[in-house]
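1. give the three-dimensional model of this entry:
(chains A and B)
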Amino acid sequence: DGGITQSPKYLFRKEGQNVTLSCEQNLNHDAMYWYRQDPGQGLRLIYYSQIVNDFQKGDIAEGYSVSREKKESFPLTVTSAQKNPTAFYLCASSTSRFEDTQYFGPGTRLTVL
Amino acid sequence: AQSVAQPEDQVNVAEGNPLTVKCTYSVSGNPYLFWYVQYPNRGLQFLLKYITGDNLVKGSYGFEAEFNKSQTSFHLKKPSALVSDSALYFCAVRVSGSARQLTFGSGTQLTVLP
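-> Coordinates of the predicted model:
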């Protein structure tokens, strides 16, 4: 899992509540990413950021928001607008070169009660 | 649009036998191809990647993969499987010069039987 930390490991929330997932990296990577993993569907990109104070929507951004105020941090907020938020969330980072590898954090499992 | 297919949801192999996990891709342009492994409730670990050059790529833990442009495939292989290789394997693709990020396959669960 390298120099990427995600917290908490497990998270429970009630319907209608917003919740923020933390992602921190000490790899000095410019780019950071958030993926959602559901059984049998692989990973789907939620948001990504290639530089501080800039980010782009991925394939499934609806109901999520992000910020990138520091190079090391890329928190993800799951809002009440996300209709089916129960999933495993993975954060990754890489240098900004296209060929470079994305390295992943250990993940946060979110369960909506 | 780019896509990745892992045609087998599940692969079973006996310990000591060779293993193959299949991956095919569809892209417009030159692909960058990656293999990752995931153990239960953990993040993805990078195994190997193909960018350019030699079609046979060697990676971590004795794994290797062969890039075949004519068949648009990038199958993962290991000569002798270990029980500890049992995990979920993902193939991913990224197109050079594209702003899009990695596109992942749906994953293949590998079980190595003792």
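
2. C-alpha only now, for contacts and for neighbours.
-> OK.

3. and stretch A:44-60, how far apart are its ends?
-> Distance across stretch A:44-60, first residue to last, is 7 Å (C-alpha to C-alpha, to the nearest Å).

4. so how many other residues sit close to B:Q2?
-> Burial of B:Q2 is recorded as 16 neighbouring residues (other C-alpha atoms under 10 Å in any protein chain shown).

5. residues in contact with it?
-> Going by C-alpha atoms under 8 Å, 6 or more residues apart in numbering or on different chains, B:Q2 touches B:Y25, B:S26, B:V27, B:S28, B:V93, B:R94, B:V95, B:T103.

6. what parts of chain B come near chain A?
-> Counting by C-alpha under 8 Å from any C-alpha of the partner chain, the residues of chain B close to chain A are B:32, B:41-46, B:49, B:51, B:90, B:94, B:96-97, B:101, B:103-107.

7. now the strands: where do they sit in the chain?
-> Looking at chain A here, since you left the chain open. For chain A, the strands defined by DSSP state E occupy A:4-7, A:10-13, A:19-25, A:31-37, A:43-51, A:54-57, A:64-66, A:76-78, A:87-94, A:103-104, A:108-112.

8. actually, chain B is the one I wanted.
-> Going by DSSP E, chain B shows strands at B:3-5, B:10-14, B:19-21, B:24-26, B:31-38, B:44-50, B:56-58, B:64-68, B:73-78, B:87-95, B:103-104, B:108-113.

9. tell me the buried residues in the fourth one?
-> What it means is strand B:24-26. By neighbour count with 16 or more other C-alpha atoms under 10 Å in any protein chain shown, strand B:24-26 contains the buried residues B:T24, B:Y25.
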